[in-house]
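A.B. asks: Just need the structure, nothing else, for what follows:
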Amino acid sequence: MQIAFRQFARLGAAFVAFAAAAIALFNPGSQLMADVPETPEFLLTQADNAFNSYDYAKAEELYEQARLSAHDAGNLSVEIEATAQRARCNLTQDRFDSAKAWLDKTTEIASADYPSGWARYLGVKGRWEWRNGRSEAAVPIFSEMYEFATANKLAKHKIDAALMAAIVAPRERQEEWALKGIAAAEEGNQERSLGPIWNNLGWSYIEMKRFDDAVEAFTNARVYHWRFGNEMNKYWADWALGHALKLAGKYEQAESWLRPCLAWAERIGNPAATGAAQEELGDIALNGDNHSKALEYYLAAQGNYEKADYPANDPKTYEALTEKIAGLR
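C.D. replies: Below is the predicted model:
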């Protein structure tokens, strides 16, 4: 920005004044930015940005500011949304008692007369049921949210409803909901949503043992994760494609994805990602009857899973790997 300012300065004092005003407008620390009124809607947007960046502490602070500001302004729509998001912040961080308290507060004020607030409320209510092991209760909530968002032309909430329904629905309906979400995202030009939806569909196909379809789904997911995601989104997109290719019996193609994944994970020092790549390469080595190489990979993966605290955080994955090791010894 300073370089641009010096270039503008050569054009004369009048242009310099304009440039300075433009710089001040887009500088968060400037006086002009300070003069922007922090309306309930503005605060809600800032809170959503923090939440989507995984800064949950900042998001909670901003949602509370938005909630109080909306209450004082009589803006019930934003108050419903901000209150619901207080519940979701707590739920995301596994603080279930606090999440329930905020969800109860939202229930007291939520009304379908305020479409954005009502849709957001249904989204959090459905997630509450899902996180508490009641997927069968979550399905009709997300279905209602989808129909309500469709009727009220709330594109983002429609996509969110379909995405969540695809996760919580019975296996035979997951594909249907995922395809609804993909259609909604494409129709609403919400390409950022397509990575997660295709990714979830890929895992549904794996559960259904439709491995070639999983390869296609993860290939599509990768396009959007690489376009919009962070480094770990990109890593896991590549790993998932390699995993699906392995399950489809395309071992050489799988290895061509998974070896770079291993180098990548080692470079960034992520033990969970490193272990995941090592385990997959161990499976490929085992398929090729190279038992000593497979055991080498599995033992290395076990060490990385222990560094990532998998015995406590993901015992199912850790125990499955331990059984593979025992089978080779």
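
A.B. asks: Going by neighbour count, list what's buried in stretch 160-179.
C.D. replies: 160-169, 174-175, 177-178 (16 or more other C-beta atoms under 10 Å). (C-beta placed from N, C-alpha, C; glycine too.)

A.B. asks: Those into TSV, with extra columns for distance to I325, pLDDT and secondary structure?
C.D. replies: Shown next, in TSV, are those (distance: C-beta to C-beta, whole Å; pLDDT from 0 to 100; DSSP: H, G, I helix; E, B strand; the rest coil):
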residue	distance to I325	pLDDT	secondary structure
D160	41	96	helix
A161	42	97	helix
A162	40	96	helix
L163	36	94	helix
M164	37	96	helix
A165	38	96	helix
A166	34	95	helix
I167	32	94	helix
V168	34	95	helix
A169	36	95	coil
Q174	32	95	helix
E175	35	96	helix
W177	38	97	helix
A178	35	96	helix
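
A.B. asks: nearest spatial neighbour of the most centrally placed residue in the chain, skipping sequence neighbours?
C.D. replies: Nearest residue to the geometric centre of the chain (C-alpha atoms, centre = their mean): P196, 6.5 Å. Leaving aside its chain neighbours, P196 sits nearest to L163 (6.3 Å; criterion: C-beta to C-beta, 6 or more residues apart in numbering).

A.B. asks: and the one you found, what is it in contact with?
C.D. replies: 178, 181, 193, 196-197, 200 (C-beta atoms under 8 Å, 6 or more residues apart in numbering).

A.B. asks: quick one on the thing from earlier: mind picking the two most distant members of the buried residues of stretch 160-179?
C.D. replies: Across these, the longest distance by C-beta to C-beta is 18.1 Å; it joins D160 and E175.

A.B. asks: and of the buried residues of stretch 160-179, the nearest to E60?
C.D. replies: D160 (19.8 Å).

A.B. asks: Compute the distance between the closest one and A184, please.
C.D. replies: Distance of D160 to A184, computed by C-beta to C-beta, to the nearest Å: 9 Å.

A.B. asks: swap in R171?
C.D. replies: Distance from R171 to A184, counting by C-beta to C-beta: 21 Å.

A.B. asks: go on, V139?
C.D. replies: 17 Å.

A.B. asks: Compare neighbour counts for these two and give me the winner.
C.D. replies: A184 (24 against 21; other C-beta atoms under 10 Å).

A.B. asks: And the closest residue in space to A301 that isn't next to it in sequence, what's its pLDDT?
C.D. replies: Among residues not flanking A301 along the chain, Q278 sits closest, at 3.8 Å (C-beta to C-beta, 6+ apart). pLDDT recorded at Q278 is 98.

A.B. asks: ok, Q278 - contacts?
C.D. replies: 262, 297-298, 300-301, 304.

A.B. asks: do that again at 10 Å, thanks
C.D. replies: By C-beta atoms under 10 Å, 6 or more residues apart in numbering, the contact set of Q278 is 258, 261-262, 265-266, 296-305, 321.

A.B. asks: which of these lies closest to K125?
C.D. replies: Y305 (35.0 Å).

A.B. asks: helix or strand for that closest one, which one?
C.D. replies: helix 291-307 (DSSP states H and E).

A.B. asks: Give me the contacts around that helix.
C.D. replies: Counting by C-beta under 10 Å, 6+ apart, 262, 265-266, 269-288, 290, 310-314, 317-318, 321-322, 324-329 sit against helix 291-307.

A.B. asks: Give me the below-cutoff pLDDT ranges for this structure.
C.D. replies: Along the chain, the model assigns pLDDT under 70 to residues 1-37.

A.B. asks: try it again with 50
C.D. replies: Counting by pLDDT under 50, the ranges of the chain that qualify are 1-35.

A.B. asks: thinking again about what came up before, now, of the contacts of helix 291-307, which are buried?
C.D. replies: 262, 265, 270-286, 310, 317-318, 321, 324.

A.B. asks: Out of those, list just those in helices.
C.D. replies: 262, 265, 271-286, 310, 317-318, 321, 324 (DSSP state H).

A.B. asks: Who are the contact partners of W264?
C.D. replies: 231, 234-235, 238-239, 270, 273-274, 277.
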